[in-house]
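> sequence and computational prediction follow.
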Amino acid sequence: MHLPRLHLPTRRDGRGATPVGVDFGGSGIKGAPVDLAAGKFAADRVRIPTPQPSTPERVAEVLVDLLAQLPEAEGPVGVTVPGVVRHGVVGSAANIDESWIGTDADALFSRATGRTVRTVNDADAAGLAEVRFGAARGQSGLVIVTTLGTGIGSAFVHDGVLVPNSELGHLEVDGANAEARAANSAREREDLSWEEWAERLTRYYRTVERLFSPDLIVVGGGVSKHADSFLPLIGIDTPIVPAKLRNKAGIIGAALYVS
């Protein structure tokens, strides 16, 4: 594929330097250096609006600009992508520009920035962060982290090891794609009460529970700040808790992934 003609700084792997996490979202691309000993940002977060259309080349240009605003952070860069990512190649684009499908994002971003860059599914990044530093810290066995937003993202982490690209939002539940009925966007679109939404979430999480028998389910996404309004209404046997890192999880998890 065509790579953007960007200024290429001297390549540096940044071994031993503080890694940078970047979270590519629908409205903003956010990044910060991450202190992996403490599980927090090592400097202020930088945010740049997501270009429209958010093609791979235009996002690569934004990534170059974002890193230029973090001059002291010379470590490797982890970038979340809202899609399936296999060995750096994006395999789906449910909520991003279709031109991402088949893009070798690792190669694109590494060439554009002159840095070591690795891409990871956004929910997988959040899962890594929640297991290492958040709501699932110290939990053994299988942790499933779900993010309830426009769709439903998911991450499998077993004894601290990520099993990528689970895509549990696309399970069939009651004859429909799960995220079409149980994502937070469905709650907003249909003006569901917390109780009505919790009924749908119960059906969804019972399916997840029956198929995978997890030891813990963590619920993230922006709506998790309202966890007290709906989590107690979800009737499943598996312990289910709200995420702790919220909008920091993607950045921290991306930095973990590249380290």
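Looks like it arrived, so ask away.
> quick one: contacts for Ser229?
Counting by CB atoms under 8 Å, 6 or more residues apart in numbering, Ser229 makes contact with Trp194. Where C-beta positions appear, they are placed from N, C-alpha and C, glycine not excepted.
> what's the answer for Asn165, then?
Counting by CB under 8 Å, 6+ apart, Asn165 makes contact with 84-86, 91, 121, 124.
> hmm, 7 Å instead?
Asn165 is in contact with 84-86, 121, counting by CB atoms under 7 Å, 6 or more residues apart in numbering.
> next: Val120.
Contact analysis of Val120 by CB under 7 Å, 6+ apart lists 78, 80, 85, 254, 257.
> what's the domain layout of this structure?
Following automatic domain parsing, one gets these domains for the chain: 20-124+250-258, 138-243.
> mind checking which of these is nearest Val131?
With CB to CB, the closest approach to Val131 among the domains of the chain belongs to domain 138-243: 4.6 Å.
> quick one: end-to-end distance for the closest one.
This stretch, domain 138-243, spans 14 Å end to end (CA to CA, to the nearest Å).
> how distant is stretch 179-190 from the center of its chain?
19 Å (CA atoms, centre = their mean, to the nearest Å).
> how many residues are close by Ala182?
Neighbour count for Ala182, taken as other CB atoms under 10 Å: 30.
> residue contacts, it?
With CB under 7 Å, 6+ apart, Ala182 has these contacts: 152, 200-201, 204.
> follow-up on the earlier one: most tightly packed of the domains of the chain?
Highest mean neighbour count among the domains of the chain (mean count of other CB atoms under 10 Å): domain 20-124+250-258, with a mean of 20.
> quick one: mean pLDDT over it.
Mean pLDDT, computed over domain 20-124+250-258, is 95.
> what's the span of that domain from first residue to last?
This stretch, domain 20-124+250-258, spans 9 Å end to end (CA to CA).
> over to stretch 135-154?
Criterion CA to CA; first-to-last residue distance in stretch 135-154 is 15 Å.
> what residues does that stretch touch?
Outside stretch 135-154, the residues within contact range by CB under 7 Å, 6+ apart are 94-95, 122-123, 126-127, 130-131, 155-159, 166-169, 178-179, 182-185, 208, 212, 214-223, 241-244.
> ok, so of the contacts of Asn165, who is nearest Ala112?
Val85 (17.0 Å).
> these two touch, right, the closest one and Asp122?
No. Assessed by CB atoms under 7 Å, Val85 is found out of contact with Asp122, at 9.3 Å.
> Ala125: what secondary structure?
Assigned by DSSP: H, G, I helix; E, B strand; the rest coil, the conformation of Ala125 is helix.
> I figured it was touching Ala254, is that so?
Yes. In this structure, Ala125 is within contact of Ala254 by CB under 7 Å, at 4.7 Å.
> between those two, what contacts are shared?
Both Ala125 and Ala254 are in contact with Thr80, where contact means CB under 7 Å, 6+ apart.
> so who does Leu171 touch?
178, 207.
> how near is it to Thr146?
To Thr146, Leu171 is 11 Å away according to CB to CB, to the nearest Å.
> the strands in the stretch 1-150 of the chain, which residues?
Assigned by DSSP state E, counting those that start in this stretch, the strands in the stretch 1-150 of the chain fall at 20-24, 28-35, 40-41, 46-49, 77-81, 85-86, 89-90, 117-121, 142-148.
> could I get those strands in TSV, plus columns for distance to Leu67?
Conversion of the strands of the stretch 1-150 of the chain to TSV gives the following (distance: least, CB to CB, whole Å):
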stretch	distance to Leu67
strand 20-24	7
strand 28-35	7
strand 40-41	15
strand 46-49	9
strand 77-81	7
strand 85-86	20
strand 89-90	20
strand 117-121	10
strand 142-148	25
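> OK, contacts around Phe109?
Counting by CB under 7 Å, 6+ apart, Phe109 touches 60, 63, 79, 117, 119.
> so which of those comes closest to Arg47?
Of all the contacts of Phe109, Leu63 has the smallest distance to Arg47: 12.7 Å, by CB to CB.
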